[in-house]
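Asks: coordinates for the following, if possible.
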Amino acid sequence: MAQGFARNLFEVSFVDSVSVPRIIPGHPAEVVVYDQPSRCPYLPDQVARMPMRLPTRSLRRSEFHARLERGDRRQGLFLYRPSCPSCSACIPIRLNVAEYELSRTQQRVLKRGDQVLKVELGPLMADARRVELYNRHKSQRGLETHGPSTEDDYREFLVHTCCESFEIRYFHEDLLVGVAVTDRGTDGLSAVYTFFDPDYSKLSPGVFSILTQLSLCRHWGLEHLYLGLYVEGCAAMRYKAEYLPHERLIDGRWVRREKEQA
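Replies: Numbers count the residues shown, from 1 in each chain. Have a look, this model is predicted:
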């Protein structure tokens, strides 16, 4: 793990798109390897700024927890948090595991999924089946902006990591039909990316996966499930607001959102 992490740290220092690196002190220190304005991936009419930070070593659970608390997300080896010049639409969102109660619809999704799908936990992997599922999922949702991903692309995005990560695997009989890449901190899990075979959409696998992650949090005695960024103006992100009650990170403070506020 340490050797692979060091090798990737060396490699990213020389990619063409990296701005002048700078060091952010901390435990551990982080290197800002990219910090340039770009078109927002969530709101096309906005300019995004998401500095990409590379920890100088793999993060312990407590260190990753501190970063989740302040709204960080992970993409591959990197951490990021929106720092946009004229927009604050991206809001970190999380569920309080002890307080969350499943709706009747979610109970039905969980029951149906439990009857049809087999769930396994394992290390992050890249192979032809995962890449195929990932590309089909992106294509079906209109997210394939740069063409199909290769196995190397997949590995860089969903296998390389700077913290404790694992995948939740969903099987129908012996066929892999979905994967949920998940990170673990001291007090919670972070849902990184979930993809599935579009042929199984009737099972609401995205919902089933979040409910599975909630169940894991309960089983392990964890307090929160972090769902990433909520963007009200982005149709692909609005589903996160349906999980109530939840908490949103507003001005550095986690604020509870009740059902009656929805």
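
Asks: how about the longest helix anywhere in the chain: buried residues?
Replies: Ranked by residue count and defined by DSSP state H, the top helix of the chain is helix 205-220. Neighbour-count burial for helix 205-220, counted by 16 or more other Cβ atoms under 10 Å, picks out 205-214, 216-217. From N, CA and C alone the C-beta is placed, and that goes for glycine too.

Asks: for these, which one is nearest T161?
Replies: Closest approach between the buried residues of helix 205-220 and T161, by Cβ to Cβ: Q213, at 16.6 Å.

Asks: for the closest one, give me its contacts.
Replies: By Cβ atoms under 8 Å, 6 or more residues apart in numbering, Q213 lies in contact with 168, 180, 182, 189, 191, 225.

Asks: in three-state terms, label the last one for me.
Replies: Following DSSP: H, G, I helix; E, B strand; the rest coil, the label given to L225 is strand.

Asks: roughly how far apart are it and D72?
Replies: According to Cβ to Cβ, to the nearest Å, L225 stands 15 Å off from D72.

Asks: the two: who's more crowded?
Replies: More crowded of L225 and D72, by other Cβ atoms under 10 Å: L225, with 26 against 17.

Asks: look up how far Q36 lies from the more buried one.
Replies: Distance from L225 to Q36, by Cβ to Cβ: 32 Å.

Asks: what does Y170 give?
Replies: Distance of Y170 to Q36, given as Cβ to Cβ: 37 Å.

Asks: neighbour count for those two, which is higher?
Replies: Taking other Cβ under 10 Å, Y170 and Q36 do not tie; Y170 has more neighbours (27 against 12).

Asks: which outside residues touch the helix or strand that one falls within?
Replies: Y170 is part of strand 165-172, with elements assigned from DSSP states H and E. Strand 165-172 has contacts (Cβ under 8 Å, 6+ apart) with 116-125, 176-184, 192, 196, 200, 205, 208-209, 212-213, 216.

Asks: quick one: strands adjacent to that strand?
Replies: strand 118-122 (antiparallel), strand 175-184 (antiparallel) (DSSP bridges).

Asks: pick the most buried one from these.
Replies: Most buried of the strands paired with strand 165-172 by mean neighbour count (mean count of other Cβ atoms under 10 Å) is strand 175-184; its value is a mean of 21.

Asks: average pLDDT for that strand, rounded please.
Replies: Regarding strand 175-184, the rounded mean pLDDT is 98.

Asks: can you give me the offset of that strand from its chain's centre?
Replies: Chain-centre distance of strand 175-184: 11 Å, with Cα atoms, centre = their mean, to the nearest Å.

Asks: by how many degrees do that strand and helix 205-220 diverge?
Replies: For strand 175-184 against helix 205-220, the angle by axes from the mean of the first three to the mean of the last three Cα atoms, to 10 degrees is 50 degrees.

Asks: could you export strand 175-184 as CSV, CA atoms only?
Replies: Coordinates of each C-alpha in strand 175-184 appear next as CSV, following Å, rounded to 0.1, in the frame of the first residue of the first chain:
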residue,chain,number,x,y,z
LEU,A,175,-23.5,-12.3,-11.7
LEU,A,176,-22.0,-9.1,-10.5
VAL,A,177,-24.7,-6.4,-11.1
GLY,A,178,-23.5,-3.5,-9.0
VAL,A,179,-20.7,-2.0,-6.9
ALA,A,180,-20.7,0.7,-4.2
VAL,A,181,-17.2,2.2,-3.5
THR,A,182,-17.2,3.2,0.1
ASP,A,183,-14.8,4.9,2.5
ARG,A,184,-14.5,4.5,6.2
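
Asks: show me what secondary structure element comes after it.
Replies: Scanning forward in sequence from strand 175-184 by DSSP H and E, the next helix or strand is strand 188-196.

Asks: no more questions from me, cheers.
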